[in-house]
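[1] sequence first, then the predicted structure, then my questions.
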2 protein chains.
Amino acid sequence: MNILTVAKKAGVSIATVSRTFNFPEKVSPATRELIQQIARDLGYHPNASARTLRTQRSRVLGVVLPTLINPVFAECLQGIAQAAALNGYSIMPFTSNYQDDEEERIVQNLQACGVDGIILVVSDPASSKALDHLHSVQLPYVLAYNSHTEHPCISVAGTQALASVVQHLAALGHQRIAMVCGQRSASDRAQQRYAGFLNGMESAGLQPWPLIEVPFIKAAVEQISGALESDNRPTALICSNDLLAIRAIRAAHLSGLRVPEDLSVTGFDGIQIGEDLTPTLSTVVQPNQEIGQRSVALLVDAIAHGTMPDASASITLPHTFRDGESCAHAAP
Amino acid sequence: MNILTVAKKAGVSIATVSRTFNFPEKVSPATRELIQQIARDLGYHPNASARTLRTQRSRVLGVVLPTLINPVFAECLQGIAQAAALNGYSIMPFTSNYQDDEEERIVQNLQACGVDGIILVVSDPASSKALDHLHSVQLPYVLAYNSHTEHPCISVAGTQALASVVQHLAALGHQRIAMVCGQRSASDRAQQRYAGFLNGMESAGLQPWPLIEVPFIKAAVEQISGALESDNRPTALICSNDLLAIRAIRAAHLSGLRVPEDLSVTGFDGIQIGEDLTPTLSTVVQPNQEIGQRSVALLVDAIAHGTMPDASASITLPHTFRDGESCAHAAP
DNA sequence: CTGTTAGCGCCTTCAT
DNA sequence: ATGAAGGCGCTAACAG
């Protein structure tokens, strides 16, 4: 089932068939409709590979995410998928499991697949080999969630967001506030949020608690419990993401503390499920689907112009603080 | 950067370069290594579209899932992605938002993209236009989560699983047990699970409560609360999926009931986050990533043989019941 | 408005 | 073990 079959059946040349699919207005209405009818009858669709080979454009976007197990990225991918479809693009997603050598491997693979551009979340833009590679081959890309002055990024202001969380907790009377994060050193997001924590604590005139770092997510509950069992424990835990916040709530429970009566907990990401938990999660809400959609928009626009998206086109989307049941006034 | 450039630089014909990539053993070790070295230096990779055009095989698998917001499908996609990569395939995922006309549209689009096969989750295999289309064009496919005797499926025994949940609750002394589900009529999974509920109740000699059907997920909490506020309320709620169970727990909370002391709640799916909630979710655990992996395996195998996966190759994977904190003995 | 034609980059049979 | 050549299906000049 190819263009020639359709052309013969319609008694026209293959060029005319091609035109009806690519520039319908350049074909007389009569023949156009005839060809469309025949194509429909035969179930003909232009062959994507042949098109790509000829035009050098695949209309496919590569996507590199750390994982799909964390709903924040699944939600983002949903946004990417929708926006891509709306723009006539398909997507090819891969997960890097937060490993930068995987990020690079996937990017190379994606390039070999002939994608027109890539949307990625990297561990750290400043040291990413994947981004170096993209530059060296001049393949358009947009970073999601990361933020870096030299790269086009769609993100939220993590530092400010976290400072405002500290302020919120301080206003509730909390003084002993600790931050919980994954591998801070491995992620620019965690770094920025931690900086915001320090800023916020300083502004509030509070002494920052030692950072509770949880390198292995499996042991998160245990480690957080440990930190809660000292006699002079924090009264509030600011977690660098929602998944950690959920585990912090569990850790509190296992340590015999009630949330929020004995301990306030906040997250970061705004995953949808957080609204349905008991207690509902207090968290910094990022527009996850929109981050995906905007990334697509920026990338598609650049591709249409035959250029690389520029760092100056980066967008910082607004975040909000969702004031859930997991935080409350400090006990007197 | 094409095969000719490499061939010239190596002083061989393009055929030899092609062979080194496709049948390395058919090239003398010396020239093979020379060519590989040159290819590496030049950053050459065979052009995927040209390959596809020539061989008529894209090494891409289409994926159709209802949504990525429900972690059960995100986890499955993660499994699909891994297994596909391991087999040298890429994937192209789309979401149908549980709408069967979308399922069909996506499948047609996927076919036009030239995918070698499709993994899909449909609302109801018995009435799916998408499956009809796949048959009519003889495009290999595997159903995930669905189960139907005439289609190749990777799933778990939902009916049995649910019957055993009833048995478990009955053994805990529950007598007033109700089931909560989404749009039962729209999904074969919900139908099967409901059948299991009825079977289980009958075996236990209990009167099944009227089904609590929640057509719009947004209103789930409200509707479930309503069902809990009658004076002769159920003491246990069996939810047809984990997301509903989470909302049921919230509904209980809002109705002033404690889980599990006043109300037991169970889910279905085994999403990973359920283990970290407080209370931990009692649920039927499906091997979500494995469902994805097995789907890929079955599909890739059929593609390799140039055939359609056969319905007789369907696999029913084992499920387990995770006995979490959300259910307990019935109050005396 | 329509037709003819030259590749896009690669794989693969057939020779050598 | 290697080379020559045809063609996969399509788009985009160019010509009419």
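    Arrived safely. What you see is a predicted model, and the numbers here were worked out from it, not measured in a lab.

[2] contacting residues for A:Gln272?
    By CB atoms under 8 Å, 6 or more residues apart in numbering or on different chains, A:Gln272 lies in contact with A:Pro71, A:Glu75, B:Ile69. (Glycine included, C-beta is placed from N, CA and C.)

[3] ok, those residues vs A:Ser187, which is closest?
    The closest of those to A:Ser187 turns out to be A:Pro71 (CB to CB; 17.3 Å).

[4] nearest residue to the closest one in space, ignoring adjacent ones along the chain?
    Counting by CB to CB, 6 or more residues apart in numbering or on different chains, A:Ile271 is the residue found nearest to A:Pro71 once chain neighbours are left out, at 4.2 Å.

[5] correct me, but A:Ile69 touches B:Ala74?
    Yes: at 7.0 Å, A:Ile69 counts as touching B:Ala74 under the criterion of CB atoms under 8 Å.

[6] which of these two has more neighbours?
    Using other CB atoms under 10 Å in any protein chain shown as the criterion, A:Ile69 and B:Ala74 rank with B:Ala74 on top: 25 against 20.

[7] what does the stretch 201-332 of chain A have sitting close to chain B?
    Selection of the stretch 201-332 of chain A residues close to chain B by CB under 8 Å from any CB of the partner chain yields A:221, A:243, A:246-247, A:249-250, A:253, A:272-273, A:276-278, A:280.

[8] between these, which sits nearest A:Ala39?
    A:Gln272 (41.2 Å).

[9] ok, that closest one to DNA strand C distance?
    The span separating A:Gln272 from DNA strand C equals 43 Å under the rule CB to the nearest atom of the strand, to the nearest Å.

[10] tell me which residue of the stretch 1-150 of chain A lies closest to DNA strand D.
    Using CB to the nearest atom of the strand, the single residue of the stretch 1-150 of chain A nearest to DNA strand D is A:Ile3, 2.8 Å away.

[11] mind pulling up the pLDDT for the nearest residue to A:Ser314 once chain neighbours are set aside?
    Closest residue in space to A:Ser314, ignoring its immediate chain neighbours: A:Cys153 at 4.5 Å, by CB to CB, 6+ apart. pLDDT for A:Cys153: 98.

[12] wait, doesn't A:Cys153 sit right on A:Asn146?
    Yes: the pair A:Cys153 / A:Asn146 is scored as a contact, 5.5 Å apart, by CB under 8 Å.

[13] about what we covered before: pLDDT check: weakest of the residues of the stretch 201-332 of chain A next to chain B?
    Among those, A:Val221 carries the lowest pLDDT, at 92.

[14] now do the helices in the stretch 151-300 of chain A.
    For the stretch 151-300 of chain A, the helices defined by DSSP state H, counting those that start in this stretch cover A:158-171, A:188-203, A:220-228, A:242-254, A:288-304.

[15] what's the angle from the third one to helix A:242-254?
    It stands for helix A:220-228. Interaxial angle, helix A:220-228 versus helix A:242-254 (axes from the mean of the first three to the mean of the last three CA atoms, to 10 degrees): 60 degrees.

[16] that older thread, quick check: the residue of the stretch 1-150 of chain A closest to DNA strand D vs A:Asn22, distance?
    According to CB to CB, to the nearest Å, A:Ile3 and A:Asn22 sit 11 Å apart.

[17] A:Gly196 touches A:Met179, doesn't it?
    No: using CB under 8 Å as the test, A:Gly196 is too far from A:Met179 to be in contact (9.3 Å).

[18] about what we covered before: overlap in contacts, A:Cys153 and A:Asn146.
    With contacts taken as CB under 8 Å, 6+ apart, A:Cys153 and A:Asn146 have A:Pro125 as neighbours in common.

[19] show me where chain A has its strands.
    Per DSSP state E, chain A carries strands over the ranges A:60-65, A:90-95, A:117-120, A:141-144, A:153-156, A:177-181, A:212-213, A:236-239, A:264-269, A:282-285, A:315-317, A:320-322.

[20] need the residues that contact the fifth one.
    Contacts of strand A:153-156 with the rest of the structure, by CB under 8 Å, 6+ apart, involve A:125, A:142-147, A:284, A:286-287, A:291, A:294-295, A:298, A:311, A:314-319.

[21] 7 Å instead, please
    For strand A:153-156, contacts defined as CB atoms under 7 Å, 6 or more residues apart in numbering or on different chains pick out A:142-147, A:286, A:291, A:294-295, A:298, A:314-317, A:319.

[22] ditto for the third one
    Judged by CB under 7 Å, 6+ apart, the contacts made with strand A:117-120 from elsewhere in the structure are A:61-64, A:80, A:103, A:107, A:110, A:130, A:134, A:139-144, A:295-296, A:299, A:303.

[23] what about the single nearest residue of the stretch 201-332 of chain A relative to DNA strand C, distance to DNA strand D?
    The stretch 201-332 of chain A approaches DNA strand C most closely through A:Gly306 (16.1 Å), counting by CB to the nearest atom of the strand. Distance of A:Gly306 to DNA strand D, given as CB to the nearest atom of the strand: 13 Å.

[24] rewinding a little: nearest to DNA strand D, of the helices of the stretch 151-300 of chain A?
    Relative to DNA strand D, the nearest member of the helices of the stretch 151-300 of chain A by CB to the nearest atom of the strand is helix A:288-304, separated by 13.4 Å.

[25] output the closest one as PDB - backbone C-alpha positions only.
    Extracted C-alpha coordinates of helix A:288-304, given in PDB (Å, rounded to 0.1, in the frame of the first residue of the first chain):
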ATOM      1  CA  ASN A 288       3.900  19.300  36.300                       C
ATOM      2  CA  GLN A 289       1.800  18.800  33.300                       C
ATOM      3  CA  GLU A 290       2.400  22.300  32.200                       C
ATOM      4  CA  ILE A 291       6.100  22.000  32.600                       C
ATOM      5  CA  GLY A 292       5.800  19.200  30.100                       C
ATOM      6  CA  GLN A 293       3.600  21.200  27.800                       C
ATOM      7  CA  ARG A 294       5.800  24.200  27.800                       C
ATOM      8  CA  SER A 295       8.800  22.200  27.200                       C
ATOM      9  CA  VAL A 296       7.200  20.800  24.100                       C
ATOM     10  CA  ALA A 297       6.100  24.200  23.000                       C
ATOM     11  CA  LEU A 298       9.500  25.700  23.300                       C
ATOM     12  CA  LEU A 299      11.200  22.800  21.600                       C
ATOM     13  CA  VAL A 300       8.700  22.500  18.700                       C
ATOM     14  CA  ASP A 301       9.000  26.300  18.100                       C
ATOM     15  CA  ALA A 302      12.700  26.100  17.800                       C
ATOM     16  CA  ILE A 303      12.600  23.100  15.500                       C
ATOM     17  CA  ALA A 304      10.200  24.900  13.300                       C
END
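
[26] and the contacts of it?
    Applying CB under 7 Å, 6+ apart, the external contacts of helix A:288-304 come out as A:61, A:72, A:75-80, A:82-84, A:87, A:89, A:116-117, A:119, A:140, A:142, A:144-145, A:152, A:154, A:270, A:308-309, A:313, A:315, A:317.

[27] only whichever of the residues you listed are buried, select them in PyMOL.
    Listed next is the PyMOL selection for buried residues among the contacts of helix A:288-304, using 16 or more other CB atoms under 10 Å in any protein chain shown:
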select buried, chain A and resi 61+72+75+76+77+78+79+80+82+83+84+87+89+116+117+119+140+142+144+145+152+154+270+308+309+315
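
[28] list the contacts of A:Phe197.
    A:Phe197 neighbours (CB under 7 Å, 6+ apart): A:Leu162, A:Val166, A:Met179, A:Pro208, A:Ile238.

[29] surely A:His133 meets A:Glu104?
    Yes: taking CB atoms under 7 Å as the definition, A:His133 is a contact partner of A:Glu104 at 6.2 Å.

[30] looking at the helices of the stretch 151-300 of chain A, which one has the lowest mean pLDDT?
    Per-stretch mean pLDDT for the helices of the stretch 151-300 of chain A is lowest at helix A:220-228 (a mean of 93).

[31] list the buried residues in that one.
    Using 16+ other CB under 10 Å as the test for burial, helix A:220-228 gives A:Ala220, A:Val221, A:Gln223, A:Ile224, A:Ser225, A:Ala227, A:Leu228.
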